[in-house]
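> could you work out the structure for the sequence below:
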Amino acid sequence: MSLKFDFNNMFSSSVGDHGVSQVDINGMLPKAKNAASHLKKLLSDPKARVKLNLEWAKLPEQNKADISKIQKIGKEISKKYENVIFLGIGGSYLGLKAAQDALCLPYYNEFKTLRKKSPRVYFEGNNLDPDTLKTLLKNINPKNTFVVVISKSGETTETKAALMIVEAWLKTGVGVKYGRQILAITDPESGSLHKRVVAEQEKDVLSFRSFPLLKGVGGRFSEFNMGLLHLAIIGININELFNGAKEMSVRCSQDDILKNPAYMYALLHVILYREKQKSLAVLMPFSQGLKSTADWYVQLLAESLGKKYHRKVVVSEDGSEGWINDKDNEFAKGRTPISAAGTNDLHSIQQNNVEGENNKVITFIRVEKFKTDLKIPGKNDLLSGKSFSQLMQLAQEATEWALVRESRPNCTIIMPKITDFTWGALLFFFEMATAFEGELLNINAFDQPGVEGYKNYMYYKLGKPGVSQNIINEIKNHPLLKDPNLIL
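Residues are numbered from 1 along each chain as shown. Got it, this is the predicted structure:
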């Protein structure tokens, strides 16, 4: 049931000058070996993992008692409520949505028989469009609805605003004990949401229950932490998910880079990016259920690798390692991810992939066996007797062929079947590949300073206390200029 990584079409032997040559590999191997050694050292040090936000690599090894507690509460929620609303943005939304779409049958919310007595699950707090949240709350019963809010600080505008609306809705519809229908997944020590949890539980121990966001785990790497309650509610086998991630972890700990699937994925993409100007990364699963996983990957790659500065390693007196932005060594690069889906997007983006600028690498995800299948009836048509899964696999193969014919590099991740095990392995593969790519590029793959720009501007305009004078001055000295003549 293991995943396989097919990278035949990444090489010059398949796509000519647009592919990787053995000379390219040989030239990068010394740097890649140093990067692998450095990452291995950090991952083996518990203090370094937490300090540098690498603790995600150990999430599949979480304490079983903690997992059992999450599963117990998840089952309680699932039995008692008809609806669950998850409030969160970024990894606190994308990871959950990816899991639900991949591991549950399509139309999960629409048909009770598919949910197997589990509640409908809705995702909000991930945008500021008023139509979605208002429509949802207008059409479900607050007495039958449980709310989970996921936020480290509690201050992210989108999620905070949604919580305030939902909380008022619950209070009106349920009464004074509405807090018993809210659970927070947040920082266990600090932040406004943590303070709210403490205050509410002092009044009522069953109100605003909470689970911790673990230290050293960034949002986009945290599906195996903040996503566990969601998995428990929809009935996913968390142990199998972790088994898949652990199996991939073992495969991705191999010192031989040429046999390490995640390291080879990163190495080949870095060579194609730096030497062949392949700056666009298209992830195209040939499975509708994995489209949201591709959306999750967009955040993982973009936030991790799109950085302004190279990383500067600073060693403290106690020998511990720290990272700072090297302001004298600008990077301002990073591959741009694009989410697509086969076969849908063979009738849209694929035209550009095949005949547009040759600046992309396409990664396919091929599913060998689907959860269900359909056989086409009849005898007199070329499609008669064929199954949908056969046609899907043929379409993926044909897409590979069309790209290779036009010298377009591509690779394929092969999933035997979409299961809890293989999906856990898939996420860990991408996380490890992204971490290694950060090492190869010498950047900090675990922060996201560029995200703070829009937040700071909003906080300033909203009059939030505590905005630094430097940020205030920057905004005042660089206002948005709008020439009416340039608005038609």
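> ok now the lowest-mean-pLDDT helix or strand in the chain, how far from the chain's centre?
For the chain, counting by mean pLDDT, DSSP states H and E, helix 452-462 ranks last in confidence among helices and strands (a mean of 89). Relative to its chain's centre, helix 452-462 lies at 24 Å (Cα atoms, centre = their mean, to the nearest Å).
> check which element follows it along the chain.
Next in sequence after helix 452-462, counting helices and strands by DSSP states H and E, comes helix 469-477.
> which parts of that following helix are buried?
Ile475 (16 or more other Cβ atoms under 10 Å). All C-beta atoms are positioned from the backbone trio N, CA, C, and that covers glycine.
> what residues does the helix or strand where Leu272 lies touch?
Using DSSP H and E, Leu272 sits within helix 261-276. Where contact means Cβ atoms under 8 Å, 6 or more residues apart in numbering, the residues beyond helix 261-276 that reach it are 3-5, 7, 10, 17-20, 24-25, 28, 32, 36, 248, 251-252, 254, 257-258, 278-279, 281, 335, 361, 409, 411, 429-430, 432-434, 436-437, 440-441.
> change it to 7 Å
With Cβ atoms under 7 Å, 6 or more residues apart in numbering as the test, helix 261-276 has contacts from 5, 7, 10, 18, 20, 24, 28, 32, 36, 251-252, 257-258, 278-279, 281, 335, 361, 409, 429, 432-433, 436-437, 440-441.
> do stretch 49-59 as well
Against stretch 49-59 from outside (Cβ under 7 Å, 6+ apart): 42-43, 48, 214-218, 221-222, 224-225, 320, 323, 431, 446.
> could you dump that stretch to CSV, C-alpha only?
Extracted as CSV, the C-alpha positions of stretch 49-59 are listed here (Å, rounded to 0.1, in the frame of the first residue of the first chain):
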residue,chain,number,x,y,z
ARG,A,49,12.6,20.9,16.6
VAL,A,50,10.6,23.1,18.9
LYS,A,51,12.7,26.2,18.5
LEU,A,52,12.9,26.1,14.7
ASN,A,53,9.3,24.8,14.1
LEU,A,54,10.3,21.3,13.0
GLU,A,55,8.2,19.4,15.6
TRP,A,56,5.7,18.5,12.8
ALA,A,57,8.0,15.7,11.9
LYS,A,58,7.2,13.9,15.2
LEU,A,59,3.4,14.4,15.1
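> mind listing what's buried in that stretch?
Here stretch 49-59 shows 49, 51-59 as buried, counting by 16+ other Cβ under 10 Å.
> in a strand, Ile85, correct?
Yes. Under DSSP: H, G, I helix; E, B strand; the rest coil, Ile85 sits within a strand.
> circling back: next step: the contacts of helix 261-276 restricted to strands.
5, 281, 361 (DSSP state E).
> dump stretch 388-396 to PDB, restricted to CA.
Extracted C-alpha coordinates of stretch 388-396, given in PDB (Å, rounded to 0.1, in the frame of the first residue of the first chain):
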ATOM      1  CA  PHE A 388     -14.400   5.200 -15.300                       C
ATOM      2  CA  SER A 389     -11.200   4.300 -13.400                       C
ATOM      3  CA  GLN A 390      -9.700   2.800 -16.600                       C
ATOM      4  CA  LEU A 391     -10.500   6.000 -18.400                       C
ATOM      5  CA  MET A 392      -9.100   8.200 -15.600                       C
ATOM      6  CA  GLN A 393      -5.800   6.300 -15.600                       C
ATOM      7  CA  LEU A 394      -5.600   6.400 -19.400                       C
ATOM      8  CA  ALA A 395      -6.300  10.200 -19.300                       C
ATOM      9  CA  GLN A 396      -3.400  10.600 -16.900                       C
END
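> what residues of that stretch count as buried?
Here stretch 388-396 shows 389, 392-393, 396 as buried, counting by 16+ other Cβ under 10 Å.
> ok, those residues vs Tyr309, which is closest?
Gln396 (38.7 Å; Cβ to Cβ).
> and the closest one, its phi and psi?
Dihedral pair for Gln396: phi -70, psi -40, per degrees, to the nearest 10.
> isn't it up against Gly342?
Yes. With contact defined as Cβ atoms under 7 Å, Gln396 counts as touching Gly342 (5.9 Å).
> domains in the protein, by residue range?
Per automatic domain parsing, the domain ranges recorded for the chain read 4-53+240-441, 56-238.
> what number of residues lie near Glu202?
9 (other Cβ atoms under 10 Å).
> who touches the host helix or strand of it?
Here Glu202 sits within helix 192-203, counting by DSSP H and E. With Cβ under 7 Å, 6+ apart as the test, helix 192-203 has contacts from 151, 153-155, 179, 184, 186-188, 207-208, 210.
> what about dumping the CA coordinates of that helix to CSV?
Provided in CSV are the C-alpha atoms of helix 192-203 (Å, rounded to 0.1, in the frame of the first residue of the first chain):
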residue,chain,number,x,y,z
SER,A,192,-6.5,36.2,23.5
LEU,A,193,-8.3,32.9,22.7
HIS,A,194,-6.4,31.1,25.4
LYS,A,195,-7.4,33.8,27.9
ARG,A,196,-11.0,33.5,26.8
VAL,A,197,-10.9,29.7,27.4
VAL,A,198,-9.5,30.1,30.9
ALA,A,199,-12.1,32.8,31.8
GLU,A,200,-15.0,30.8,30.5
GLN,A,201,-13.9,27.5,32.2
GLU,A,202,-13.6,29.3,35.5
LYS,A,203,-17.3,30.0,35.3
